[in-house]
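Asker: structure for this input, please:
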Amino acid sequence: MRELSEVKEAVDLLSIYPESIAWSDFGDRGNACTGSFKLKDKEEIVEDALALAAVKICMPKGSMLHRKMARSVAKILNCRWVTYDWLIKVVARIVACGSYQDFKRMLSLSVAIKSGMKQRG
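Answerer: Modelled structure (predicted):
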């Protein structure tokens, strides 16, 4: 995602459905499937930097959106708070993963699965 309007919409959706994201999987340690997060070449470095800048523009530090998302993510991760730097880095990694349409499909699927799991107990 490169368009600011798309990044803004994606960040807004993340703030509405934060429980649908495996937040810790996007940290520097990564996850068991992908390993630690490493940028391999110049193209990945540029993509990461542009995504980070877009998220900083769309979710300024101290904004209502930032505070709301930080509280939600901290609760999900069972911690008292998350830093702004960590949060924007993780959000940038999430939105850098593909197109806005792919992101919306992935989030819709995740929300549907969570809903189905809740219904089945």
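Asker: for the residue nearest in space to the middle of the chain, which non-adjacent residue is spatially closest?
Answerer: Among the residues of the chain, residue 91 comes closest to the average C-alpha position under Cα atoms, centre = their mean, at 3.1 Å. Spatial nearest neighbour of residue 91, excluding adjacent residues (Cβ to Cβ, 6 or more residues apart in numbering): residue 55 at 4.9 Å. Just so you know, the C-beta spots here come from the backbone N, C-alpha and C atoms, and that holds for glycine as well.
Asker: need the contact list for that neighbour.
Answerer: 7, 11, 88, 91-92, 95 (Cβ atoms under 8 Å, 6 or more residues apart in numbering).
Asker: the helix of greatest length in the chain: how far from the chain's middle?
Answerer: Ranked by number of residues, the top helix in the chain under DSSP state H is helix 100-120. Taking Cα atoms, centre = their mean, to the nearest Å, one finds helix 100-120 lying 15 Å from the centre of the chain it belongs to.
Asker: swap in stretch 51-67?
Answerer: 12 Å.
Asker: quick one: contacts for residue 100?
Answerer: 1, 3, 6, 9-10.
Asker: show me where this protein has its strands.
Answerer: Here the chain has no strands by DSSP state E.
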